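> Kindly generate the corresponding structure for this input.
(chains A and B)
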2 protein chains.
Amino acid sequence: MQKSEEIVAEEALDGSRFMPGLSVDCVIFGYHERELKILVSKFKNTSYYSLPGGFIKRNEDADEAAHRVLFERTGLRDIYLNQFYTFGNTHRANPEPMKSVMLANGIEFNGNHWMLQRFISIGYYALVNYTRAEPKPDFFSESCLWYDIDDVPKLMQDHRLIVKKALETLRNNVNRKFIGVNLLQDQFTMGDIQKLHETILGEKLNRTGFHRKMLNSGLLKRIGKKKTGGSHRAPYLYVFHSDEE
Amino acid sequence: MQKSEEIVAEEALDGSRFMPGLSVDCVIFGYHERELKILVSKFKNTSYYSLPGGFIKRNEDADEAAHRVLFERTGLRDIYLNQFYTFGNTHRANPEPMKSVMLANGIEFNGNHWMLQRFISIGYYALVNYTRAEPKPDFFSESCLWYDIDDVPKLMQDHRLIVKKALETLRNNVNRKFIGVNLLQDQFTMGDIQKLHETILGEKLNRTGFHRKMLNSGLLKRIGKKKTGGSHRAPYLYVFHSDEE
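Coordinates of the predicted model:
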């Protein structure tokens, strides 16, 4: 049975269910064909754009919370999320945007409401193929969409800083195994993988050096040649190695 | 004026001053001459050993809290701390050790005391020269000492896991600039730096490859030759580059 909107909103805001002062925020990077995007929600009847985020239940691991929140807020599931940084500055504590968001949903907060207090937020990120991930807005959102990394709308609170830190981490970790986990289904030529790295890093890479490094890295598995109509110069196809192999 | 012990203990436990459910824990690695140690406190009149940890004040950034807590618990200050992971599993929530620790200090908790609830802890780490850092135990501790990384006493709660994760992070970041920040005062030969890396990584490194990589890394600054009594084979001395230069 579908829950009524009131029950959905009430449950989402019931402070006794959650760890006070703690949230999770997800930076979901989407890649395809030299385009790097991130997933951004817009709150209903407001001009506030935000990362998909939410709270940690009292009986829930922080990692579980990140997966649940991402699913509830965007409809995306089975995504490998990596914790990258916890945002704990006092200047994060600006209750005004959250007040407006709730008012736009017909919910009025008094001054001491738990959602208006200071929050420390644990950041998680992932890299997915955005053509395979179709986000859906939740009850509180009017949209949940992929935006080009260079064309992200103004984000509420310190979410721009969270994106910046996530992008730095993605760049620092571009050669680490877990970065490929959500792309395991995708087949790449070495040229495609170079484009992926160049797009993430925002710079051109030397072809010979890159190919040598990737072949030596153990990150990739060769699975055959690309069908290009019979040419013997057809490039090899690769997938990211999964942990099981 | 020295505060009385009662006031120290009372202030340290006053829940209204702190973010509920949140703590910081510090993994301070100490290095000198092929020895890697970590700093561990022993709670007074108990058999509990722990990392230096504490709580985040309501008006305090998480990073500030980490520096304050490290100073209060160990006497160490002016140490560059790096946030590395937030420990948010529900299975961390075991109130028994904390109950015993407080009882040993003459403080009895009732069942709902804020310190007995679930905590999510933000981990910070640093690498220092342990010969330059003289820790002192705080009010709650009977000792605060450097222990060989391979000979750490049994730690309370999930602190062994926190150390493990910190060591993984230190190893992954051994070539990053911030790792050297607390060692800026120390002068090394290239052989000394190779020993530092080998000790952290727990493995032998190829001399020629290591020296070439370090010289190209921009991490080091050559400051002259080591005085060895006139030999022309005297090795060069290096310091870690500070950010200012």
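
> C-alpha only now, for contacts and for neighbours.
Will do.

> And for A:Glu64, the neighbour number?
16 (other Cα atoms under 10 Å in any protein chain shown).

> for A:Val239, same thing?
Count around A:Val239 with other Cα under 10 Å applied: 20.

> for it, phi and psi?
phi -120, psi 160 (degrees, to the nearest 10).

> A:Lys44 now?
The phi/psi pair for A:Lys44 (degrees, to the nearest 10) is phi -50, psi 140.

> Report how many residues lie close to it.
19.

> contacting residues around it?
With contacts defined as Cα atoms under 8 Å, 6 or more residues apart in numbering or on different chains, the neighbours of A:Lys44 are A:101, A:104-105, A:140-143.

> Tell me who's in contact with A:Arg17.
With Cα under 8 Å, 6+ apart, A:Arg17 has these contacts: A:57-58.

> ah, wrong one, I meant A:Arg171
Contacts of A:Arg171 by Cα under 8 Å, 6+ apart are A:200-201.

> can you list the residues of chain A near chain B?
For chain A, the contact set with chain B under Cα under 8 Å from any Cα of the partner chain comprises A:19-21, A:58-63, A:83-90, A:122.

> picking up where we left off before, drop anything exposed from the contacts of A:Lys44.
A:101, A:105, A:140-141, A:143 (16 or more other Cα atoms under 10 Å in any protein chain shown).

> ok, so of the residues you listed, who is nearest B:Arg160?
Of all these, A:Phe140 has the smallest distance to B:Arg160: 40.8 Å, by Cα to Cα.

> Correct me if wrong: that closest one contacts A:Gly106.
No: counting by Cα atoms under 8 Å, A:Phe140 does not reach A:Gly106; the two are 10.8 Å apart.

> Where is the longest strand in chain A?
strand A:18-32 (DSSP state E).

> check which helix or strand covers A:His211.
helix A:207-217 (DSSP states H and E).

> Could you pull out the buried residues of that helix?
Buried residues in helix A:207-217, defined by neighbour count with 16+ other Cα under 10 Å: A:210-211.

> what's around A:Phe29, how many residues?
A:Phe29 has 24 nearby residues by other Cα under 10 Å.

> Tell me which residues touch it, please.
Neighbours of A:Phe29 in contact, by Cα under 8 Å, 6+ apart: A:36-39, A:125-128.

> can you rerun that using 6 Å?
A:37-38, A:126-127 (Cα atoms under 6 Å, 6 or more residues apart in numbering or on different chains).

> ok, now A:Leu116?
Contacts of A:Leu116 by Cα under 6 Å, 6+ apart are A:Pro95.

> tell me the secondary structure for the closest residue to A:Ala65 other than its chain neighbours?
Closest residue in space to A:Ala65, ignoring its immediate chain neighbours: A:Ile56 at 5.3 Å, by Cα to Cα, 6 or more residues apart in numbering or on different chains. In three-state terms, and counting by DSSP: H, G, I helix; E, B strand; the rest coil, A:Ile56 is strand.

> and the gap between A:Ile56 and A:Leu70?
Computed as Cα to Cα, to the nearest Å, the A:Ile56 to A:Leu70 distance reads 12 Å.

> Same check on A:Lys227?
From A:Lys227 over to A:Leu70 (counting by Cα to Cα), the distance is 37 Å.

> The two: which is more packed in?
A:Leu70 (27 against 12).

> Where do the domain boundaries of chain A fall?
Structurally, chain A divides into domains by automatic domain parsing as follows: A:5-173, A:184-240.

> Can you tell me which of those is packed in deepest?
Scoring the domains of chain A by mean neighbour count under mean count of other Cα atoms under 10 Å in any protein chain shown gives domain A:5-173 as the most buried, with a mean of 18.

> Chain neighbours aside, what residue packs nearest to the residue nearest to the spatial centre of chain A?
Centrality entry for chain A: nearest residue to the mean C-alpha point is A:Ile28, 1.5 Å, by Cα atoms, centre = their mean. Leaving aside its chain neighbours, A:Ile28 sits nearest to A:Ala126 (5.0 Å; criterion: Cα to Cα, 6+ apart).

> Distance check, that neighbour against chain B.
16 Å (Cα to the nearest Cα, to the nearest Å).

> Verify the stated contact: that residue with A:Gln83.
No: at 9.0 Å, A:Ala126 does not count as touching A:Gln83 under the criterion of Cα atoms under 6 Å.

> Name all residues that make contact with A:Tyr236.
A:189, A:224-226.

> Looks to me like A:Val128 is in a strand.
Yes: checked against three-state DSSP, A:Val128 lies within a strand.

> May I have the beta-bridge partners of it?
Beta-bridge pairing for A:Val128 (DSSP bridges): A:Gly30.

> quick one: low-confidence ranges for chain A?
A:1-10, A:229-232, A:243-245 (pLDDT under 70).

> can we see that at 80?
Counting by pLDDT under 80, the ranges of chain A that qualify are A:1-15, A:93-94, A:110-111, A:226-233, A:242-245.

> need the helices for it, in chain order.
For chain A, the helices defined by DSSP state H occupy A:5-13, A:62-74, A:96-104, A:159-172, A:190-201, A:207-217.
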